[in-house]
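Undergrad: I would like to see how this sequence folds:
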Amino acid sequence: MSNARTKARTRAFQILFEADHRGVDPQRVLAEWVGRAREAQPGDTTPQVGEYTMQLIEGYTEHARRIDELISSYAVGWTLDRMPIADRNVLRIGAYELIWEDGVPDAVVLDEAVEIAKEYSTDESPAFVNGLLARFMDLKPTIRRG
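TA: Residues are numbered from 1 along each chain as shown. Below is the predicted model of the structure:
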């Protein structure tokens, strides 16, 4: 998978994380990030927000209620609000991409989500994220119908 897609997923994760932390709509944070990127001067380190990042945020937002229900239902021993904020949001991006983005191989989605969890969350998070997304992968035909 291209480095651009990896960056897009990481940015989408960061935007969802920020929205969750601030208690605001992810679309609002996305708009703020896009605005800052547009106003950036040459040499600024302001992150650019690409098309795929926007697609991931918009896709998650469209399916947010269903995704959160799935995470809540299948995360054994964890409620959504008690889950580490990083885990919750990497799962949200991964679940959206896995279930509703047909152009990306499932194995790539799992690998990328695990890498984000390794970088931004606890030592236990990569296995947790991988296990839960693998379960969604198995249930994907049923989930999409529902």
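Undergrad: what about the protein, any weak spots by pLDDT?
TA: Low-confidence segments of the chain, defined by pLDDT under 70: 1-2, 146.
Undergrad: ok, now with 90
TA: Within the chain, the set of residues satisfying pLDDT under 90 comprises 1-4, 37-48, 76-78, 102, 141, 143-146.
Undergrad: can you give me the helices for it?
TA: 3-22, 26-39, 51-74, 85-100, 106-120, 125-145 (DSSP state H).
Undergrad: need those helices in CSV with mean neighbour count and distance to Thr45, can you?
TA: Where C-beta positions appear, they are placed from N, C-alpha and C, glycine not excepted. As requested, those are arranged in CSV below (neighbours: other CB atoms under 10 Å; distance: least, CB to CB, whole Å):
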stretch, mean neighbour count, distance to Thr45
helix 3-22, 19, 13
helix 26-39, 16, 11
helix 51-74, 18, 17
helix 85-100, 25, 22
helix 106-120, 19, 18
helix 125-145, 16, 27
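Undergrad: who's in contact with the residue most central in space within the chain?
TA: Within the chain, the residue whose C-alpha comes closest to the C-alpha centroid is Ile93; the distance, by CA atoms, centre = their mean, is 2.0 Å. With contact set as CB atoms under 8 Å, 6 or more residues apart in numbering, Ile93 has these partners: 9, 12-13, 16, 56, 60, 113, 116.
Undergrad: can you do 7 Å?
TA: When the contact criterion is CB atoms under 7 Å, 6 or more residues apart in numbering, the partners of Ile93 are 9, 12-13, 16, 56, 60.
Undergrad: Asp44 now?
TA: With contact set as CB under 7 Å, 6+ apart, Asp44 has no partners.
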